[in-house]
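Participant: Pasted the sequence and its predicted model underneath.
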Amino acid sequence: MKPKVEIEVCCDGWAEACAAEEAQVDRIELCCGIGEGGLTPSRGLMELVHEQLSVNCHVLIRPRSGDFLYAAEEIEIMKRDVLLCKEIGMEGVVFGFLTADGEIDISLTKEFVELARPMKVCFHRAFDMCIDPLKALEELKQIGVDYILTSGQAATAPQGADLLKKLVQQQGDHLKIMPGAGVRAHNLKALMRQTGASAFHMSARIYKDSSMKYRKSSVSMGAQSLDAEYQIQSHEVEALKAAVEISGKW
């Protein structure tokens with residue numbers, strides 16, 4: 001009998017988490033700053049999700065955008081965020097560490113896994129930046145992480161399907177390779193067949209128009225275009241529901 005296929009949805013804020021809850025996905029990865037690849041969300045958001053939603057929640061622990069080689073002070077920030085997640089009662093955390101030479105930082109990863117328990121641990125797409133993914137997988141198996149989020153070291157999971165299949169075949173009994181990046185309801189069935197994975201990380205992001213009536217057309221609060229200034233991110237619930245239905249029929 002094939003294992004149940006898990007659907008994890010990347011949620012950048014409250015509206016997206018609510019949409020994922022409505023769709024009854026297996027889990028969310030809670031973050032902020034998705035335009036920067038995802039950053040650690042605020043305490044307020046974590047607490048509200050934990051208090052008002054029932055969906056299983058893993059929290060991204062990432063203090064800044066850019067690479068995965070961190071200064072001592074950044075590591076201290078991440079430790080405090082892991083302990084905060086444990087205090088709030090989150091089900092899991094998501095992090096990743098590399099050395100300057102592109103290897104898995106084994107000692108730091110071990111330290112954070114031990115700090116995080118009994119929460120689940122996912123090693124995120126820092127894995128896609130490492131020099132030798134098959135070696136890295138064996139190292140992470142030995143450390144004891146629960147998931148590896150990866151696109152198969154390609155721009156998207158569909159493009160990395162061949163490597164993802166190899167990783168799944170090598171993953172063992174206690175770790176799950178979780179394809180992510182470019183995973184949507186419309187390509188989920190094909191990716192399930194191509195990779196053999198039993199957990200997928202996806203989104204169905206949409207943008208809703210703001211309720212603001214007065215709009216300043218000459219000023220933007222970020223790097224995005226002025227057109228995006230009055231758009232609110234969410235997820236298309238029906239697309240998430242479709243993915244959940246596909247996963248249940250596997």
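Facilitator: Received the coordinates, thanks. Residues are numbered from 1 along each chain as shown.
Participant: Run through the strands of the protein in chain order.
Facilitator: Taking DSSP state E, the strands of the chain run over residues 6-12, 27-31, 56-60, 92-95, 120-123, 147-150, 176-179, 199-202, 205-209, 231-235.
Participant: Mean neighbour count, those: which tops it?
Facilitator: Comparing the strands of the chain by mean neighbour count (mean count of other CB atoms under 10 Å), strand 147-150 comes out on top with a mean of 28. To be clear about C-beta, it is placed using only N, CA and C from the backbone, and glycine gets the same treatment.
Participant: hmm, back to that, mind checking the strands of the chain for the one nearest to Glu111?
Facilitator: Nearest of the strands of the chain to Glu111, taken as CB to CB: strand 92-95 at 10.8 Å.
Participant: Spell out which strands sit alongside the closest one in the sheet and which way each one runs.
Facilitator: strand 56-60 (parallel), strand 120-123 (parallel) (DSSP bridges).
Participant: Could you dump those strands into TSV with distance to Phe68 added?
Facilitator: Formatted as TSV, these follow (distance: least, CB to CB, whole Å):
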stretch	distance to Phe68
strand 56-60	12
strand 120-123	10
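Participant: Using CSV, please lay out these together with distance to Met192 and mean pLDDT.
Facilitator: Converted to CSV, the strands paired with strand 92-95 look like this (distance: least, CB to CB, whole Å; pLDDT from 0 to 100):
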stretch, distance to Met192, mean pLDDT
strand 56-60, 20, 98
strand 120-123, 19, 98
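Participant: Quick one: closest of those to Gly160.
Facilitator: Among those, strand 120-123 sits nearest to Gly160 (CB to CB), with 16.0 Å.
Participant: Pick out the residue nearest the middle of this structure.
Facilitator: Centroid-nearest residue in the chain, with CA atoms, centre = their mean: Glu29, separated by 4.8 Å.
Participant: Quick check: the gap between that residue and Ser54.
Facilitator: 16 Å (CB to CB, to the nearest Å).
Participant: which phi and psi does the residue nearest to Ala181 when sequence neighbours are not counted have?
Facilitator: Distances taken as CB to CB, 6 or more residues apart in numbering put Ser151 closest to Ala181, at 3.8 Å, once the chain neighbours are dropped. Phi and psi for Ser151, reported as degrees, to the nearest 10, are phi -100, psi 10.
Participant: so Ser151 touches Gly182, yeah?
Facilitator: Yes - counting by CB atoms under 8 Å, Ser151 touches Gly182, with 7.2 Å between them.
Participant: Of these two, give the one with the bigger neighbour count.
Facilitator: Shown here are Ser151 and Gly182; by other CB atoms under 10 Å, Ser151 has more neighbours (23 against 17).
Participant: List the contacts of the more buried one.
Facilitator: 125, 128, 157, 159-160, 164, 179-182 (CB atoms under 8 Å, 6 or more residues apart in numbering).
Participant: One more pass at 6 Å, please.
Facilitator: 128, 157, 160, 181 (CB atoms under 6 Å, 6 or more residues apart in numbering).
Participant: Relative to Asn187, how far out is it?
Facilitator: With CB to CB as the criterion, Ser151 and Asn187 are 13 Å apart.
Participant: likewise Ile206?
Facilitator: Distance from Ile206 to Asn187, by CB to CB: 17 Å.
Participant: tell me the residue furthest from the middle of this protein?
Facilitator: Within the chain, Tyr214 marks the point farthest from the mean C-alpha position, 35.2 Å out by CA atoms, centre = their mean.
Participant: give me every residue that touches Ile246.
Facilitator: 188-189.
Participant: Which pLDDT value belongs to it?
Facilitator: Ile246 is assigned 93 on the pLDDT scale.
Participant: give the contact list for the residue nearest to Leu140 when sequence neighbours are not counted.
Facilitator: Nearest residue to Leu140, sequence neighbours excluded (CB to CB, 6+ apart): Phe123, at 5.5 Å. By CB under 6 Å, 6+ apart, the contact set of Phe123 is 96, 140, 145, 148.
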